[in-house]
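1. Pasting a predicted model and its sequence here:
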Amino acid sequence: MFYFRCESRVNGDPLVVVITRDSANKKTGDMLQVWILPLESWRTTLCTTGNCGSCPRGAQDDYRYRDFELRKCYVQWQRAPLAIHRAYHRGAYEIWTGNAKQREALGGDGRPVRLGACGDPGVLPAKVLSRFIAQLATKNVTGYTRRWKARGTVYLRSVCMASCDSEQEQFDARSLGWRTFRARRKAERILVSELMCPASEEGGSRTTCAKCLACGGGYRELLLSPDRVIIEH
């Protein structure tokens, strides 16, 4: 639908950020999807340091579409991200300015937004991300970042959960003021501060992310709203 370009705050690589309206994702439900992708069309990989940072689940600059099953990243890069990247280079999307007509095309103000359908929101410069969220005119934002350990990322705490893979990471992130979303093995325990994701299969698929909206960060809610946990998939 729409796009804007910026530079990665991690390494300065050029990025293209695409906003799409419709999603077939049953877990997330009816949310605007924000895809953070490397700009270049010649790449054999869409999972790079520039758009994914130092995420341990990504293959970074040696990713190959055919090998996604061997990786732990939840994103199937050879599907929707690849199609969206190709569509951008075909000129299928309009540049995003945030005007009322564009917001109406996305379904109007207030629609829930999923930051990082692929890519890490933490790679976007603070001013760029803040302006973009303000232009969307919504408070219903969800997101996850692996950059919670990095300096200068406090601004993300109000819109993103700290993505964690262990009990120690969960403890460390909370000690830094983050709410957390942890992927655990089936045999691992659920911590006192955690609640099973109600949109997940193991949580009974009782709702969708669009209706729940619990994964929107929130420093003030740290002691009031449970962290979330899901079985690794």
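-> That came through fine.

2. Check the secondary structure at the residue nearest the centre of the chain for me.
-> Nearest to the mean C-alpha position of the chain, counting by Cα atoms, centre = their mean, stands Gly116 at 2.5 Å. Three-state call for Gly116 (DSSP: H, G, I helix; E, B strand; the rest coil): strand.

3. tell me the contacts of it?
-> Contacts for Gly116 (Cβ atoms under 8 Å, 6 or more residues apart in numbering) come out as Val34, Ile36, Gly143, Tyr144, Thr145. C-beta coordinates here come from the backbone N, C-alpha and C atoms, glycine included.

4. Near the nearest residue to the last one once chain neighbours are set aside, how many other residues are there?
-> Going back to what we said before, that points to Thr145. Residue nearest to Thr145 in three dimensions, not counting chain neighbours: Gly122, with 3.9 Å by Cβ to Cβ, 6 or more residues apart in numbering. By the measure other Cβ atoms under 10 Å, the count of residues near Gly122 is 30.

5. Tell me which residues are up against stretch 128-138.
-> Contacting residues not belonging to stretch 128-138 are listed as 4, 6, 17, 32, 96, 98, 103, 106, 109-113, 115, 121, 124, 141, 155-156, 159 [Cβ under 8 Å, 6+ apart].

6. Just the buried ones among the residues you listed, please.
-> Neighbour-count burial (16 or more other Cβ atoms under 10 Å) is assigned, among those, to 4, 6, 17, 32, 96, 103, 106, 111-113, 115, 121, 124, 141, 156, 159.

7. so how far is Ile190 from the residue nearest to the centre of the chain?
-> Between Gly116 and Ile190 the distance, using Cβ to Cβ, to the nearest Å, works out to 24 Å.

8. swap in Asp109?
-> Separation of Asp109 from Ile190 (Cβ to Cβ): 36 Å.

9. tell me the SS of the residue nearest to Trp148 when sequence neighbours are not counted?
-> The shortest distance from Trp148 to any residue other than its chain neighbours is 3.8 Å, reached at Ala162 (Cβ to Cβ, 6+ apart). In terms of secondary structure, Ala162 is strand; the call rests on three-state DSSP.

10. give me the beta-bridge partners of Ala162?
-> Applying DSSP bridges to Ala162 yields these beta-bridge partners: Thr145, Thr180.

11. Can you get me a residue count around the spatially closest residue to Glu7 that is not a sequence neighbour?
-> Leaving aside its sequence neighbours, Glu7 sits nearest to Pro14 (Cβ to Cβ, 6+ apart; 6.1 Å). The number of residues packed around Pro14, counting by other Cβ under 10 Å, is 12.

12. ok, now which ones touch Pro14?
-> The contact partners of Pro14, taken as Cβ under 8 Å, 6+ apart, are Arg5, Cys6, Glu7, Ser8, Pro38, Leu39, Glu40, Gly50.

13. domain parsing for this structure?
-> 1-140, 143-233 (automatic domain parsing).

14. end-to-end on the last one?
-> When the termini of domain 143-233 are compared using Cα to Cα, to the nearest Å, they are 18 Å apart.

15. Likewise for the longest one?
-> For domain 1-140, the first-to-last residue distance is 20 Å (Cα to Cα).
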